[in-house]
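*Asks:* Okay, structure incoming, though there's no sequence with it:
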RNA sequence: UGAGGAAUGCCUAC
């Protein structure tokens, strides 16, 4: 089983879910019973390609084979539904976990938090967050990033920064995802200058912005029509050893096209191709 | 051996 599980999970993580499914079939045929780990890996694979029907199928197979799904299995399926915006299913599974008396953990609550914010149910999200402390489920870096992203998406930037302060007071060291989320929040609130200021503060915190961080700000500058500044930032990121990727170019070229700057768009596209990047 | 976080958005309309 162990070897098979490693294979199934490996294929799933490469997006080759059909290959994983074949191993699943072979396991059954040669009399190796798939266990919870096999099924969870496969569920996760189907979730990652957005095939919730198959994911649910595997979950049902697991139930019918008399095995009890554990918290990892549930959260895997919940996360899939969350990504598809199926809040109803997420909530349903959440209540089922409670009913089953399964031990709830930080991952479960983080996913639930994510689902609530995605639904725009901020107040409920904040309540859940408070509830976590009471249950002694202490938020970790990922929980905080979900919370911050939720607040930022709701344009509650001030609250997001207050949460950042709380983190620091607790002695946590916010990571790059946390700061990138805040930078995105500032950008979406049309505070690109402040976003850039924060970008420049990162090295002093021991963090180097990555291609995602830069791309967010480049996109925001483009959105304000500040093409030159965007181009400037692209040059600066390269100087810092961070290469633009296909998303960066897509954002930038897309903006040039929208502004009818065909000539520039072609030039940048050529530069991109010369770097071996293509857009789909 | 299995689960959670950031960019190319999403919706709506044309």
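*Replies:* The structure has been received and is ready for your questions. What you are looking at is a predicted structure, and each value in this text was computed from that prediction instead of being measured.
*Asks:* Do you have the strands of the stretch 151-280 of chain A handy? List them.
*Replies:* Assigned strands in the stretch 151-280 of chain A: none (criterion: DSSP state E, counting those that start in this stretch).
*Asks:* Residue numbers of it in contact with RNA strand B?
*Replies:* Within reach of RNA strand B by Cβ under 7 Å from any atom of the strand, the stretch 151-280 of chain A has these residues: A:175-178, A:180-181, A:184, A:210-213, A:215-216, A:219, A:245-248, A:250-251, A:254. (C-beta placed from N, C-alpha, C; glycine too.)
*Asks:* Okay, now the unreliable bits of the stretch 151-280 of chain A?
*Replies:* A:280 (pLDDT under 70).
*Asks:* Quick check: chain neighbours aside, which residue is closest to residue A:275?
*Replies:* Spatial nearest neighbour of residue A:275, chain neighbours left out: residue A:243 (7.4 Å); criterion: Cβ to Cβ, 6 or more residues apart in numbering.
*Asks:* Selection in PyMOL covering whichever of the residues of the stretch 151-280 of chain A next to RNA strand B are buried, please.
*Replies:* In PyMOL syntax, the buried subset of these is picked out as below (16 or more other Cβ atoms under 10 Å):
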select buried, chain A and resi 176+177+178+180+181+184+212+213+215+216+219+245+248+250+251
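*Asks:* Could you check how far the residue nearest to residue A:275 is from residue A:60?
*Replies:* From residue A:243 across to residue A:60, the span is 45 Å (Cβ to Cβ, to the nearest Å).
*Asks:* quick one: residue A:45 from RNA strand B, how far?
*Replies:* 9 Å (Cβ to the nearest atom of the strand, to the nearest Å).
*Asks:* pLDDT at that residue, what is it?
*Replies:* Looking at residue A:45, its pLDDT reads 98.
*Asks:* And for it, nearest residue in space, chain neighbours not counted?
*Replies:* residue A:12 (2.9 Å).
*Asks:* Going along the chain from the helix or strand where that neighbour lies, find the next helix or strand for me.
*Replies:* Assigned by DSSP states H and E, residue A:12 falls within helix A:2-13. Sequence-wise, the next helix or strand beyond helix A:2-13 is helix A:17-29, with elements assigned using DSSP H and E.
*Asks:* Contact partners for the residue nearest to residue A:9 when sequence neighbours are not counted?
*Replies:* Leaving aside its sequence neighbours, residue A:9 sits nearest to residue A:41 (Cβ to Cβ, 6+ apart; 3.9 Å). Applying Cβ atoms under 8 Å, 6 or more residues apart in numbering to residue A:41 gives the contacts A:5, A:8-9, A:12, A:20.
*Asks:* Where do the helices of the stretch 1-150 of chain A begin and end?
*Replies:* Along the stretch 1-150 of chain A, the stretches classed as helices by DSSP state H, counting those that start in this stretch are A:2-13, A:17-29, A:36-48, A:52-64, A:71-83, A:87-100, A:106-118, A:122-134, A:141-153.
*Asks:* relative to helix A:71-83, how tilted is the longest one?
*Replies:* With axes from the mean of the first three to the mean of the last three Cα atoms, to 10 degrees as the basis, helix A:87-100 and helix A:71-83 are set at 160 degrees to each other.
*Asks:* now check helix A:87-100, is it near RNA strand B?
*Replies:* No. Helix A:87-100 stays clear of RNA strand B (Cβ under 7 Å from any atom of the strand), getting no nearer than 10.6 Å.
*Asks:* same for that helix, what does it pack against?
*Replies:* helix A:71-83, helix A:106-118 (3 or more Cβ pairs under 8 Å, 6 or more residues apart in numbering; DSSP states H and E).
*Asks:* got JSON lines for those helices, with mean neighbour count, distance to RNA strand B and mean pLDDT too?
*Replies:* Listed next are the helices and strands packed on helix A:87-100 as JSON lines, based on neighbours: other Cβ atoms under 10 Å; distance: least, Cβ to the nearest atom of the strand, whole Å; pLDDT from 0 to 100:
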{"stretch": "helix A:71-83", "mean neighbour count": "22", "distance to RNA strand B": "4", "mean pLDDT": "98"}
{"stretch": "helix A:106-118", "mean neighbour count": "22", "distance to RNA strand B": "3", "mean pLDDT": "98"}
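*Asks:* Using CSV, please lay out these together with distance to residue A:271.
*Replies:* Formatted as CSV, the helices and strands packed on helix A:87-100 follow (distance: least, Cβ to Cβ, whole Å):
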stretch, distance to residue A:271
helix A:71-83, 34
helix A:106-118, 36
